[in-house]
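Peer 1: Sequence and predicted model, in that order:
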Amino acid sequence: MRTNLVVAIDGYSSCGKSTIAKALAKKLGFIYIDSGAMYRAVTLYFLRNQVDVQNEQAIAAALDQIELNFHSRDYQTHITLNGEEVSEEIRQMPVANFVSKVASLKQVRVEMVRQQQHMGAVKNIVMDGRDIGTAVFPDAPVKLFMTADPMVRAQRRFDELRNNGDMHTSLEEVYENLKQRDYADTTRVESPLIQAEDAVVLDNTELTPDEQLEFVFQLIKSKQPRPEETTIE
Ligand code: C5P
């Protein structure tokens, strides 16, 4: 029986999952895990090493060579790929344009889910992604499914890229990338993005981060913890 608490946050691309997940983890003193960063880091490795995504042996060999680690500083995600800090590079467009392809590969998903389940086995965590409430932690007591207006999402991701020094990518490019990723993520065969039956929908188009945090915090409090589960004060 699980004695730790997992908060699973799924939803479309760039609808603010990580913002709310980080804030929630900070408020609760939980560990935040950005599962998308894991798929992005694997994608970066595949791009750099020109891994043939049609070749199962090449994929298996590549996965054997990849070691991912998270380091948390101020609840910001820092991810290393074989010891190299790649947190910024994985947000750039080359990775964004290829990540949904890599994330659709069964071998990649099996390995990522294995690592994610290991991380959530004993610690209290907030994890965001596409399949957290459906495939990674189907028994999570708190599940959120996030969505927001596509143009609002594109603008947010565009602003983030600009803040990180990308002055070239246009808003249209970001919008197209989001549309393509949403399509690929919801229609793939392996663990497509779908709302878990017991997930609560949060459309944050018109909500501030504080309002969202309050919504989720109240949701967590409203869950009657079983005696063996962690209690949130
Ligand atoms: O969350 P983020 O936008 O960084 O995720 C990047 C991509 O990784 C998604 O578009 C999706 O293709 C993939 N992903 C996934 N399953 C997850 C998290 C991310 O397939 N749990």
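Peer 2: Yep, it's here.
Peer 1: Low-confidence bits of this structure, can you list those?
Peer 2: Within the chain, the ranges that satisfy pLDDT under 70 run 1-2, 74-75, 224-233.
Peer 1: one more time with 90
Peer 2: The model of the chain has pLDDT under 90 over residues 1-4, 71-77, 120, 122, 160, 164, 209, 220-233.
Peer 1: do the longest helix seen in the chain and the ligand meet?
Peer 2: Determined from DSSP state H, the single longest helix within the chain is helix 171-187. Yes - for helix 171-187, a contact with the ligand is found by CB under 6 Å from any ligand atom, at Arg181, Asp185. (C-beta placed from N, C-alpha, C; glycine too.)
Peer 1: what's that helix packed up against?
Peer 2: Helices and strands touching helix 171-187, by 3 or more CB pairs under 8 Å, 6 or more residues apart in numbering; DSSP states H and E, are helix 93-103, helix 150-163.
Peer 1: Tell me which of the ones you listed is the most buried.
Peer 2: Ranked by mean neighbour count under mean count of other CB atoms under 10 Å, the helices and strands packed on helix 171-187 are led by helix 93-103, which reaches a mean of 19.
Peer 1: which residues does the residue most central in space within the chain form a beta bridge with?
Peer 2: Centroid-nearest residue in the chain, with CA atoms, centre = their mean: Gly129, separated by 2.9 Å. Beta bridges link Gly129 to Asp10 when assigned by DSSP bridges.
Peer 1: Look up how far the ligand lies from it.
Peer 2: In this view, Gly129 and the ligand are 2 Å apart by CB to the nearest ligand atom, to the nearest Å.
Peer 1: in terms of contact, does that residue touch Ala140 like I think?
Peer 2: No - in this structure Gly129 lies outside contact range of Ala140 using CB atoms under 8 Å: 11.8 Å.
Peer 1: hmm, back to that, what lies in contact with the longest helix of the chain?
Peer 2: 12-14, 93, 96-97, 99-101, 103-104, 130, 150-151, 153-155, 157-158, 161, 192-194 (CB atoms under 8 Å, 6 or more residues apart in numbering).
Peer 1: who touches the residue nearest to the centre of the chain in this structure?
Peer 2: So Gly129 contacts Ile9, Asp10, Lys17, Asp34, Ser35, Gly36, Val136 (CB under 8 Å, 6+ apart).
Peer 1: Please tell me how far the second one sits from Val201.
Peer 2: Which is Asp10. 10 Å (CB to CB, to the nearest Å).
Peer 1: ok, now the first one?
Peer 2: Summarising the geometry, the distance separating Ile9 from Val201, computed by CB to CB, is 12 Å.
Peer 1: Look at those two and report which has more neighbours.
Peer 2: Ile9 (27 against 10; other CB atoms under 10 Å).
Peer 1: Pull up the gap between the closest residue in space to the more buried one that isn't next to it in sequence and Val7, please.
Peer 2: Leaving aside its sequence neighbours, Ile9 sits nearest to Asp128 (CB to CB, 6 or more residues apart in numbering; 4.1 Å). Counting by CB to CB, the gap between Asp128 and Val7 amounts to 9 Å.
Peer 1: ok, how many other residues are close to Ser18?
Peer 2: The number of residues packed near Ser18 is 19, by other CB under 10 Å.
Peer 1: residues touching it, list them.
Peer 2: Contacts were defined as CB under 8 Å, 6+ apart; by that measure Ser18 touches Asp34, Gly36, Thr77, Asp128.
Peer 1: Met38 and Met112 touch, don't they?
Peer 2: Yes - under the criterion of CB under 8 Å, Met38 makes contact with Met112 at 5.3 Å.
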